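Enquirer: pasting the sequence and the predicted coordinates here, then a few questions.
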Amino acid sequence: MNPNTFTARHSLRMLSLLLTLTLGLPAISNAESPSASSPVELTDAWVRATPPGAGAAAGYGTLRNTSDRTVRITALSSPLSKKLEIHEMKMAGGQMQMRAVADPTLAPGETLTLQPGGFHLMFMGLNSTPQAGDQVELTLELDGGSPAQFTLPVRDAAGMSHH
Ligand SMILES: [Cu+2]
């Protein structure tokens, strides 16, 4: 083998290695930057009071991803109920239907408005009856982040439909 060819090949390999290292740096420092606060905020949130014996309660508010990365909610929980999901109300075949949103995901900066007749929090299998003045804790488990915890007041919404 010609020694010059060997040196050239070797340098090229070193150069590509250096490039890889240099280009890889920003991604590495991003991944390691600590996120002290939650990337998700929930504002104007409340839980609707239910009559005694109700099986489920609904909650509303404005859920927002304040970070610059996509956030996926992997689980929701609350001491109020055995199960907590984000639901969506939709017209299907002329009827209002409600279904759980699988893997709720918020793009960077995205806002999800939880309101009567649309998306909402659904507390199912109530452990107690939410009454006006109560406080309801809830926890969102997030993909790749620490859990977000919120406390929601319970309010009466007399005269409104179930959702
Ligand atoms: Cu629902």
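Expert: That came through, no problem. Numbering: from 1, shown residues only.
Enquirer: how about low-confidence regions in the chain?
Expert: Where the chain drops to pLDDT under 70, the residues are 1-36, 158-163.
Enquirer: residues touching A57, list them.
Expert: By Cβ atoms under 8 Å, 6 or more residues apart in numbering, the contact list for A57 reads V47, R48, A49, T50, L80, S81, M122, F123, L126, P130. The C-beta positions use only the backbone N, C-alpha and C, and glycine is treated the same way.
Enquirer: in the chain, which strand is the longest?
Expert: strand 81-92 (DSSP state E).
Enquirer: in that strand, what counts as buried?
Expert: Buried residues in strand 81-92, counted by 16 or more other Cβ atoms under 10 Å: S81, L84, E85, I86, H87, E88.
Enquirer: is the third one in a bridge, and if so with what?
Expert: Using DSSP bridges, the bridge partners assigned to E85 are M122.
Enquirer: wait, isn't it in contact with A100?
Expert: Yes: using Cβ atoms under 8 Å as the test, E85 is close enough to A100 to be in contact (4.4 Å).
Enquirer: determine which two of the contacts of A57 are furthest apart.
Expert: The distance between the two most remote of those (Cβ to Cβ) is 15.2 Å, for A49 and M122.
Enquirer: looking at those two, which is more packed in?
Expert: The neighbour comparison of A49 against M122 (other Cβ atoms under 10 Å) goes to M122, with 22 against 18.
Enquirer: which residues are in contact with the more buried one?
Expert: By Cβ under 8 Å, 6+ apart, the neighbours of M122 are A56, A57, A58, G59, L84, E85, I86, H87, M98, A100.
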